[in-house]
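Participant: I'll drop the sequence and a predicted model, then ask my questions.
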Amino acid sequence: MKALILAGGFATRLRPLSCARPKILFPVLNKPLLEWTLESLSKSGIEEAILAVNHQTAFHIKNSKFSKGKMKIAYSYDPPKKPLGTGGAIKNAEELLGNDNFLVVNGDIFTSINYAEVIKRHEGNDATATIVLCTVKDPSRYGVAELGYNSRIKRFVEKPQPGESPSNLINAGIYVLSHEIFRYIQYGRRVSLEREVFPKLAEEGKLFGYIFDGLWTDIGKAEDYLEINKILLDSLRGKLKNVIRGGGQINEPVFCDESITIKEGSTIGPYAVLGKNVNVGRNVYIKNSIIFPGVLISDDSFINGAIIGENVVVGRGVKINGNCVIGDCAVIGNNVSLAEGVSICPAKEIYQDVLEAKCII
Ligand code: GTP
């Protein structure tokens with residue numbers, strides 16, 4: 001069976017970090033999400049993945065150094081400047097997908113699911129689509145399913161108003177689809193699978209659910225992205241090897257690329273991931289944060305709960321607080337404080353405190 005990975009969205013909720021890379025290339029424990037996804041598909045016996053991309057995403061993917069293992073990769077392109085939506089992108093890949101059932105995976109999810117189990121379940125039902133469903137506390141930002149007899153989905157509602165959700169079972173962004181699905185999607189137009197196709201299939205009794213209660217999260221927002229790194233740090237506690245040069249201290253769980261330097265008096269962790277060639281000065285404190293490759297953090301700085309983009313320069317005595325997101329190549333000048341929730345656009349230079357949550361463009 002082939003897998004179609006949807007990866008041509010614009011990741012608006014992850015800006016400014018997504019200005020420089022698509023979600024599918026965001027590092028999770030220093031490894032691109034795409035690589036995690038391909039590995040997990042391989043384990044489920046999938047040998048070929050088609051990436052549904054736009055031209056910009058394709059450019060980034062092809063220029064990145066992800067490892068595809070034994071997976072055969074093909075690309076299906078949305079037309080330039082014409083996003084097709086989740087449904088349109090599936091229709092666009094019809095020829096590449098052939099006549100068999102196929103798996104669809106949103107490119108922005110991290111999960112421990114065994115895809116082979118979902119495929120087996122789909123084949124046992126008279127289903128056009130089988131959706132993986134996960135339970136969440138607040139379903140209002142997802143597609144929500146109301147399950148009926150024998151795992152048939154009676155109703156599918158995309159992003160219901162708070163309090164109007166038919167259940168807490170949400171669309172996990174993993175589907176097995178039968179070839180019949182193509183009859184429901186018009187070619188060449190933007191189509192949302194979730195808003196246009198699934199509700200119709202539910203009405204016709206052709207939509208089924210597969211409840212999964214293992215590890216699942218999407219990295220749609222910065223908090224979610226921090227959270228999945230944290231969950232993995234916890235689950236791999238004691239198994240992650242950190243070789244630190246420079247005399248700094250580690251407070252587990254932490255994952256540092258082996259190329260980094262941390263000088264004396266600095267403490268990293270708990271819950272910090274530091275990418276390739278990160279350079280940390282003296283008396284720095286970093287916790288609950290993700291630091292992308294090539295970042296320089298000068299002496300006496302403090303970072304808690306932030307994501308720092310590639311090649312950012314953090315000056316001396318800087319304070320970066322919770323939920324701050326710093327775009328690639330930005331410069332934060334000496335002694336600057338950033339309040340909680342500040343976002344800085346790529347390459348921006350900041351020399352004054354930012355005392356309230358806002359985006360600096
Ligand atoms: P936001 O703008 O932050 O909502 O992100 P998004 O649109 O990139 O992601 P969303 O969660 O809405 O989409 C789910 C998956 O479908 C993601 O992996 C997207 O990359 C992908 N996707 C969304 N829209 C398109 C599209 O128009 N074309 C293609 N090829 N993929 C898409």
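Facilitator: Now that the structure is in, tell me what you want to look at. Note that the structure is predicted; figures quoted are calculated from it, not measured.
Participant: surely residue 99 meets residue 180?
Facilitator: No: assessed by CB atoms under 8 Å, residue 99 is found out of contact with residue 180, at 10.7 Å. (C-beta placed from N, C-alpha, C; glycine too.)
Participant: okay, these two: which has more neighbours?
Facilitator: Neighbour totals were compared for residue 99 and residue 180, and residue 180 leads with 13 against 7 (other CB atoms under 10 Å).
Participant: Just confirm the more buried one is within a helix.
Facilitator: Yes: the assignment for residue 180 by DSSP: H, G, I helix; E, B strand; the rest coil puts it in a helix.
Participant: surely it meets residue 128?
Facilitator: Yes: contact criterion CB under 8 Å: residue 180 and residue 128 qualify, at 5.0 Å.
Participant: Common neighbours of those two, please.
Facilitator: Counting by CB atoms under 8 Å, 6 or more residues apart in numbering, the shared contacts of residue 180 and residue 128 are residue 206.
Participant: Please report the distance of whichever residue of the stretch 1-150 of the chain sits closest to the ligand from residue 46.
Facilitator: Nearest residue of the stretch 1-150 of the chain to the ligand: residue 9, at 2.1 Å (CB to the nearest ligand atom). According to CB to CB, to the nearest Å, residue 9 and residue 46 sit 22 Å apart.
Participant: if you count what's nearby, which of these two comes out ahead?
Facilitator: Using other CB under 10 Å as the criterion, residue 9 and residue 46 rank with residue 9 on top: 25 against 21.
Participant: ok now do that one, which residues does it touch?
Facilitator: 23, 83, 107, 108.
Participant: Which pLDDT value goes with the third one?
Facilitator: At residue 107 the predicted local distance difference test score is 96.
Participant: what comes up buried for stretch 334-354?
Facilitator: Residues of stretch 334-354 classed as buried: 336-339, 341-348, 350, 354 (neighbour count, 16 or more other CB atoms under 10 Å).
Participant: residue boundaries of the strands in the stretch 1-150 of the chain?
Facilitator: Per DSSP state E, counting those that start in this stretch, the stretch 1-150 of the chain carries strands over the ranges 2-6, 27-28, 31-32, 48-53, 72-77, 102-106, 109-111, 129-135, 143-147.
Participant: can I get the ones you listed in a markdown table with mean neighbour count?
Facilitator: Below are those laid out as a markdown table (neighbours: other CB atoms under 10 Å):
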| stretch | mean neighbour count |
| --- | --- |
| strand 2-6 | 24 |
| strand 27-28 | 20 |
| strand 31-32 | 16 |
| strand 48-53 | 22 |
| strand 72-77 | 16 |
| strand 102-106 | 24 |
| strand 109-111 | 23 |
| strand 129-135 | 24 |
| strand 143-147 | 21 |
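Participant: now those as JSON lines including distance to residue 15?
Facilitator: Output for the strands of the stretch 1-150 of the chain, formatted as JSON lines (distance: least, CB to CB, whole Å):
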{"stretch": "strand 2-6", "distance to residue 15": "19"}
{"stretch": "strand 27-28", "distance to residue 15": "17"}
{"stretch": "strand 31-32", "distance to residue 15": "19"}
{"stretch": "strand 48-53", "distance to residue 15": "18"}
{"stretch": "strand 72-77", "distance to residue 15": "23"}
{"stretch": "strand 102-106", "distance to residue 15": "18"}
{"stretch": "strand 109-111", "distance to residue 15": "19"}
{"stretch": "strand 129-135", "distance to residue 15": "25"}
{"stretch": "strand 143-147", "distance to residue 15": "23"}
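Participant: May I ask you to confirm that residue 300 is in contact with residue 284?
Facilitator: Yes: between residue 300 and residue 284 there is a contact under CB under 8 Å: 6.9 Å.
Participant: Look at the two and report which has more neighbours.
Facilitator: Shown here are residue 300 and residue 284; by other CB under 10 Å, residue 284 has more neighbours (23 against 19).
Participant: before we move on, back to that, want to throw the strands of the stretch 1-150 of the chain into TSV with distance to the ligand?
Facilitator: Below are the strands of the stretch 1-150 of the chain laid out as TSV (distance: least, CB to the nearest ligand atom, whole Å):
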stretch	distance to the ligand
strand 2-6	4
strand 27-28	14
strand 31-32	14
strand 48-53	4
strand 72-77	7
strand 102-106	4
strand 109-111	8
strand 129-135	13
strand 143-147	10
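Participant: looking at those, which is closest to residue 229?
Facilitator: strand 27-28 (6.1 Å; CB to CB).
Participant: what are the pairing partners of the closest one, and which direction each?
Facilitator: Here strand 27-28 is paired, per DSSP bridges, with strand 31-32 (antiparallel).
Participant: and stretch 89-101, does that touch the ligand?
Facilitator: Yes: against the ligand, stretch 89-101 shows contacts by CB under 6 Å from any ligand atom at residue 89.
Participant: Based on its surroundings, how many neighbours for residue 58?
Facilitator: Per other CB under 10 Å, the neighbour tally for residue 58 reads 18.
Participant: Enumerate the residues of the stretch 51-200 of the chain near the ligand.
Facilitator: 52, 53, 78, 83, 84, 85, 86, 89, 106, 107, 108.
Participant: Quick check, pLDDT for the fifth one.
Facilitator: When you say that, I think you mean residue 84. You'll see residue 84 listed with a pLDDT of 96.
Participant: List the residues that contact it.
Facilitator: 8, 78, 91, 92, 189, 190, 191.
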